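Enquirer: sequence and predicted structure, then a few things I'm wondering about:
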Amino acid sequence: MINRSNPDTSDITTRVIKSTFVTGGDTCSAMLHVPEGTGDTQLPGILMVGGWGSVQQALTISFVNRFVAAGYAVMEFDFPGWGLSGGWPRQDINPWRRVKAASAALAHLKSQPQVAAHRIVLWGTSFGGGHVVDLATQHPDLHGAIIQVPMLDGLVTLRATPLPRMVQLLGLGVAGWLKPGTAIQVPTVARKGEFGTMDRDNAWEALQMGLEAHPDAKYVNRVTARSVLTIGFYRPWTRLKDVQVPMLIVGATRDTVAPFVEDKVCKVANSHLSVVQIDADHFDPYFEPCFPDALKPQLGFLNEVMPI
């Protein structure tokens, strides 16, 4: 959608508790958002797992605020090498290492005194949706999981990339893998038709609107070229069959960044999975007018699997 706007959640006040946790020797930054005035009450928790180039509060803050307003404690975190977290090389993505980092973040969330450790739901968007699939298979004690515009099949994602762009990215990825010293980096998000890992579905406009909502935030719009080499090998849909907790999958019918693989989800035939499709591209769910359509089934799911 072209006429996007940031959702207005200015009526919601939250208390933010900053903390850190360690994964693989790297210190990661986390923020726990809780309703104002909750005191020592332990609340059911939601762990937010971001996407390909995400950092805390990037595009997700409207979901965070609405979940907090519904009575949940919500934690975001930065992956190693990104945002406020430590780690080297900077701006590098390895999905399997990210799953380990997200698992450490889950343990950290459970340790927070404001959170009921036995009542947790995972939430993942885009590339992070795939990570949530992996985490859900590893943690059957969870109350549930939500994945929004998920990247479930890296091969499909690569095939959706125009061939000249894909060849250029993969070429730089191989060079970056072989090159010693400073890693080769490319733009994470680019204007339509320009070079970067994401230029479709009005990705550039989404980035600018996200930054407008956080004028003091600094975003490094770079990712290591070698990160692209991992995409085709990362296919979380093959592990959907192993999910043993309720999972809501919110797919976008016009997603050309991480096309929704409805056929593969249906092929799995796992009764724990429920699917909602919305008329949207990859970035529409974060903004008005699509945001309410994405949010409503998620709040309904939370009320069903983990009521306040």
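Expert: Arrived safely.

Enquirer: which residue ranges form the strands in the stretch 1-150 of the chain?
Expert: According to DSSP state E, counting those that start in this stretch, the stretch 1-150 of the chain carries its strands in the segments 14-23, 26-35, 43-49, 73-77, 115-125, 144-148.

Enquirer: need the per-residue pLDDT for residue 41.
Expert: Listed pLDDT for residue 41 reads 89.

Enquirer: cool, and residue 51?
Expert: At residue 51, the model reports a pLDDT of 97.

Enquirer: ditto for the one 4 residues further on
Expert: At residue 55 the predicted local distance difference test score is 96.

Enquirer: wait, it touches residue 218, no?
Expert: No. When contacts are counted by C-beta atoms under 8 Å, residue 55 is not listed as touching residue 218 (9.3 Å). C-beta here means a position set from N, CA and C on the backbone, and glycine is covered the same way.

Enquirer: between those two, which one's more packed in?
Expert: Between residue 55 and residue 218, counting by other C-beta atoms under 10 Å, residue 55 is the more crowded of the two (23 against 9).

Enquirer: start to end distance for stretch 282-300?
Expert: Across its full length, stretch 282-300 reaches 22 Å end to end, with C-alpha to C-alpha, to the nearest Å as the criterion.

Enquirer: stretch 104-120 too?
Expert: 14 Å.

Enquirer: same check on stretch 173-192?
Expert: 21 Å.

Enquirer: can you check stretch 119-134 too?
Expert: Between the opening and closing residues of stretch 119-134 lies a distance of 19 Å (C-alpha to C-alpha).

Enquirer: for it, which positions count as buried?
Expert: Judged by neighbour count using 16 or more other C-beta atoms under 10 Å, the buried positions of stretch 119-134 are 119-134.

Enquirer: which pLDDT value goes with the closest residue in space to residue 137 that isn't next to it in sequence?
Expert: Nearest non-adjacent residue to residue 137, counting by C-beta to C-beta, 6 or more residues apart in numbering: residue 242, 4.3 Å away. As predicted, residue 242 sits at a pLDDT of 98.

Enquirer: what's residue 242 sitting at in phi/psi?
Expert: Backbone dihedrals for residue 242, given as degrees, to the nearest 10, come out at phi -90, psi 0.

Enquirer: okay, now it: neighbour count?
Expert: For residue 242, the neighbour count with other C-beta under 10 Å is 15.

Enquirer: over to the one 10 residues further on?
Expert: With neighbours defined by other C-beta under 10 Å, the count for residue 252 comes to 25.

Enquirer: isn't residue 148 up against residue 298?
Expert: Yes. Because the distance of 7.5 Å satisfies C-beta under 8 Å, residue 148 is recorded as touching residue 298.

Enquirer: joint contacts of those two?
Expert: Residues touching both residue 148 and residue 298 by C-beta atoms under 8 Å, 6 or more residues apart in numbering: 123, 250.

Enquirer: so for those two, which residue has more residues nearby?
Expert: Each of residue 148 and residue 298 has its neighbours counted (other C-beta under 10 Å); residue 148 has more, 27 against 22.
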